[in-house]
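**Q** Provided below are the primary sequence and the corresponding predicted coordinates.
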Amino acid sequence: MNSRLVRANLFGTLVFVVALAVAVPFKAHRWAQVLVVAVSLVLFAAGVACSLWAYARALDLSRVREVGVANLFLLTGATAPTPLKRLMSVAWAVQIIAAIIGASIGVSGLEKSQLNALAFGVLVPMFGIGMNGAWAARYGSFGPRVDPGSTPSNGKIR
């Protein structure tokens, strides 16, 4: 459970929550808006990159293992040990809850032409999905293919 991916997920979640906590009282100030937007976009981009890598790795694994999307990105079944599943799920839940709270607070008191920069936080849960996928693709446990009649090709997906 001492994987760098787990620590990265927890660190990213902490950075997001701290950025929101700092920005919420100053939501009308440009620096606070830039802080939340920058943190949200960086975490979103990292999540997308990890998700794409995990998906490509899962395609390769699926030649000999039964890899499901829920197993890969939500760590269902026996994909990950229960303590790790809980930790990663709690981090993802914190990202979701903080994003919703931040967007809700950000919308209060806005004029029609104003930007709700705190709403960019709704992109952050993609980071948790990406971290789950990257962990599962690298360390996850998947059963053998259900249809043993099909033989895998020798080609690798890159």
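**A** Cool, got the structure.

**Q** now name the helix or strand holding the residue nearest the centre of the chain.
**A** Central residue of the chain (C-alpha atoms, centre = their mean): Gly128, 2.0 Å from the mean position. Assigned by DSSP states H and E, Gly128 falls within helix 125-139.

**Q** figure out how far that helix is from the centre of its chain.
**A** Relative to its parent chain, helix 125-139 has a centroid offset of 6 Å by C-alpha atoms, centre = their mean, to the nearest Å.

**Q** run through who's touching it.
**A** Helix 125-139 has contacts (C-beta atoms under 8 Å, 6 or more residues apart in numbering) with 3, 5-6, 8-9, 12-13, 16, 43-44, 46-51, 53-55, 57-58, 61, 71-75, 79-80, 84, 88, 91-92, 95-96, 99. Bear in mind the C-beta positions are built from the backbone N, C-alpha and C, glycine included.

**Q** from Ala28, how far off is Gln114?
**A** If you measure Gln114 against Ala28 using C-beta to C-beta, to the nearest Å, the figure is 8 Å.

**Q** chain neighbours aside, what residue packs nearest to Val146?
**A** Residue nearest to Val146 in three dimensions, not counting chain neighbours: Glu66, with 5.4 Å by C-beta to C-beta, 6 or more residues apart in numbering.

**Q** okay, buried residues for the worst-scoring helix or strand of the chain on mean pLDDT please.
**A** Across the helices and strands of the chain, mean pLDDT, DSSP states H and E gives its lowest value to helix 69-74, namely a mean of 92. Within helix 69-74, the residues that qualify as buried are 71-74, counting by 16 or more other C-beta atoms under 10 Å.
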